[in-house]
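K.L.:
Need a 3D model of the following:
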Amino acid sequence: MELVVRTVTRPELDKAVEVEEKAMKGSGYLRDVSELFLSDEVGPLLGAYKDGEELVGIAKYTVLADHTAWLETLRVAPEYQRQGVGRRLYEEFQKLSREKGVESMAMYTGLKNIPSYSLARVFGLDTAGRYREYQLDLAGVEMPADAGDFRPVGEDEAVELLMALKEKYEGFVIFNRTFMRINEPVIRQLAKEGKVLRDEATGSVMAFGNRFLEKRSVQIAMMGGDYDKCIAWAIKVGLEKGVPQVVTEVPLDDEALGQVFVDHGFKAAAELQVMSGPAC
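P.N.:
Okay, here's the model as predicted:
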């Protein structure tokens, strides 16, 4: 089977969504983020085409604020899995990285997803962190009486606040399962987007919001200080927005922080690992 990899075009979106929905058994999200992906002028949505015609695999190459690559939405139609499609997409990731001068790339997978883990290892990626995802369903949850007053901070203050939490979160700030390294370029970008918040009364801090899929959840990417206030704020915003969930990722070994979320009604939903390594 000859595979040709090129950028997916807007007229091909339905075919790309079909590949994802087959691969994910209907639980994909490509259509909901298609405008973000297709309008990205730096990182393409890639398609792997059998004999140059039939779309059999997709993957998104994204360049983050710190000029590292984030590899996401790699999906292969079930009937073409284990036939080299994923490998061919990874080869294209490496080619793009060379062209763009990107030196590091990363992705995430389920902790028990051996095929995905093994493919990443072939291309030099290794486990850089392990996390547990917690979700709070907001149906029936009451509006908190006191959620504090969290407001966006400037870039310099954001760098100071989040760098202090870098070790606690094992080096990654995570929105919508996008694992970004905690460093100055990333934090400054988050601050520009209004996603670094501080409650003046308690000194509590949050990285909060969404990268995409704003109608599905609000995300606590990091928090420090008064945890009760942070979680109450997230619940308040989630209820005001009418989203169904509050979601967060916690380092797998930080049982104490995980218990904080459990005590507030969150349930463990998934165990994930972020893998990173040289881009080529």
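K.L.:
per-domain residue ranges of the protein.
P.N.:
Listed by automatic domain parsing, the domain ranges of the chain are 3-102, 132-278.
K.L.:
With mean neighbour count as new columns, can those domains be given to me in JSON lines?
P.N.:
The C-beta positions use only the backbone N, C-alpha and C, and glycine is treated the same way. As requested, the domains of the chain are exported to JSON lines (neighbours: other Cβ atoms under 10 Å):
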{"stretch": "domain 3-102", "mean neighbour count": "17"}
{"stretch": "domain 132-278", "mean neighbour count": "18"}
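K.L.:
Can I get these in JSON lines including distance to residue 126 and mean pLDDT?
P.N.:
Shown next, in JSON lines, are the domains of the chain (distance: least, Cβ to Cβ, whole Å; pLDDT from 0 to 100):
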{"stretch": "domain 3-102", "distance to residue 126": "14", "mean pLDDT": "96"}
{"stretch": "domain 132-278", "distance to residue 126": "6", "mean pLDDT": "98"}
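K.L.:
Need the ones you listed in a markdown table (columns: distance to residue 122).
P.N.:
Output for those, formatted as a markdown table (distance: least, Cβ to Cβ, whole Å):
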| stretch | distance to residue 122 |
| --- | --- |
| domain 3-102 | 7 |
| domain 132-278 | 11 |
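K.L.:
which stretch among those domains comes nearest residue 123?
P.N.:
Closest approach to residue 123 among those (Cβ to Cβ): domain 3-102, 4.8 Å.
K.L.:
now the end-to-end length of the closest one.
P.N.:
Distance between the two ends of domain 3-102: 24 Å, counting by Cα to Cα, to the nearest Å.
K.L.:
And it, how far out from the chain middle?
P.N.:
Distance, stretch centre to chain centre, for domain 3-102: 16 Å (Cα atoms, centre = their mean, to the nearest Å).
K.L.:
Any idea what residue 245 is bridged to?
P.N.:
On the basis of DSSP bridges, residue 245 is bridged to residue 137, residue 217.
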